[in-house]
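Trainee: need a 3D model of the following:
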Amino acid sequence: MIARSDMAAVAAQLGREPRGLRAVAHRCPCGLPDVVETAPRLPDGSPFPTLYYLTCPRAAAAVSGLEAAGMMRRMTARLADEPTRAEYDRAHRDYLARRDAAAAAAGLEPLPEGTQSAGGMPDRVKCLHALVAHELAVPGANVFGHEALEAAGQWWSRGRCVPVGEETAPEETAPEETMPGQTVPGEAE
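Mentor: Sure thing, here's the model as predicted:
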């Protein structure tokens, strides 16, 4: 379950009320959520294939810059290399298994066989935001997410991305030494 304060922080980050939130999957070193886990189906039952969602606007902007610089095109070209393709396919299978497990844990019907995973996996690189969110939520799971995360730089270095008052501050903040790619104990599986 996600705390009200985290829901408020994510709403401030997105500029709208979030839908289908299940948990904070990763926290920024500033203490706010930067990746959330969403339900595989929205409350109305419609499919929502994005399990991990990058919510921090500074992280999203850093990743958008990488996309604009052509990183997705270069990564897609590297899928011609069989070992790279095999690693990306493992990320795809990991994502699907985690999404199916989230559906089961929520008592929801899993998404139909053949539903896309995220970010273009396994055939192309379509969205670095999704790949970075996967890597932050599950360190070591996504080779291209890891590369993009490394290239994105320290988006958190200027402090919190959104102002939060006492009513929206997380009950627990990440230790100062927590870096992207590491989770706060108890926040992500």
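Trainee: for the residue minimising distance to the centre of the chain, which three-state class applies?
Mentor: A centroid search over the chain (Cα atoms, centre = their mean) returns Ala133, at 2.2 Å, as the residue closest to the centre. Local secondary structure at Ala133 is given as helix here, using DSSP: H, G, I helix; E, B strand; the rest coil.
Trainee: hey, where'd the strands end up in the protein?
Mentor: 21-27, 33-38, 52-54 (DSSP state E).
Trainee: for stretch 82-93, the averaged confidence score.
Mentor: For stretch 82-93, the mean pLDDT works out to 97.
Trainee: so what touches it?
Mentor: The set of residues external to stretch 82-93 that reach it, using Cβ atoms under 8 Å, 6 or more residues apart in numbering, is Arg78, Leu79, Ser117, Met121, Pro122, Leu131, His134, Ala141, Asn142, Val143, Phe144, Gly145. Where you see a C-beta, it was placed from the backbone N, CA and C, and this is true even at glycine.
Trainee: any regions of the protein where pLDDT drops low?
Mentor: Within the chain, the stretches with pLDDT under 70 are 165-189.
Trainee: for it, which helix is longest?
Mentor: helix 82-105 (DSSP state H).
Trainee: can I get that helix as PDB, trimmed to CA atoms?
Mentor: As requested, the backbone C-alpha atoms of helix 82-105 are provided in PDB (Å, rounded to 0.1, in the frame of the first residue of the first chain):
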ATOM      1  CA  GLU A  82      23.100 -11.500 -29.900                       C
ATOM      2  CA  PRO A  83      24.500 -11.200 -26.300                       C
ATOM      3  CA  THR A  84      23.000  -7.700 -26.000                       C
ATOM      4  CA  ARG A  85      19.700  -8.900 -27.500                       C
ATOM      5  CA  ALA A  86      19.600 -11.800 -25.000                       C
ATOM      6  CA  GLU A  87      20.200  -9.500 -22.100                       C
ATOM      7  CA  TYR A  88      17.400  -7.200 -23.300                       C
ATOM      8  CA  ASP A  89      15.100 -10.200 -23.700                       C
ATOM      9  CA  ARG A  90      15.800 -11.200 -20.100                       C
ATOM     10  CA  ALA A  91      14.800  -7.700 -19.000                       C
ATOM     11  CA  HIS A  92      11.500  -8.200 -21.000                       C
ATOM     12  CA  ARG A  93      10.800 -11.500 -19.400                       C
ATOM     13  CA  ASP A  94      11.600 -10.100 -15.900                       C
ATOM     14  CA  TYR A  95       9.200  -7.200 -16.500                       C
ATOM     15  CA  LEU A  96       6.400  -9.600 -17.700                       C
ATOM     16  CA  ALA A  97       6.900 -11.900 -14.700                       C
ATOM     17  CA  ARG A  98       6.800  -9.000 -12.300                       C
ATOM     18  CA  ARG A  99       3.700  -7.500 -13.900                       C
ATOM     19  CA  ASP A 100       1.900 -10.900 -13.700                       C
ATOM     20  CA  ALA A 101       2.900 -11.300 -10.100                       C
ATOM     21  CA  ALA A 102       1.600  -7.800  -9.300                       C
ATOM     22  CA  ALA A 103      -1.700  -8.800 -11.000                       C
ATOM     23  CA  ALA A 104      -1.900 -12.000  -8.900                       C
ATOM     24  CA  ALA A 105      -1.100 -10.100  -5.700                       C
END
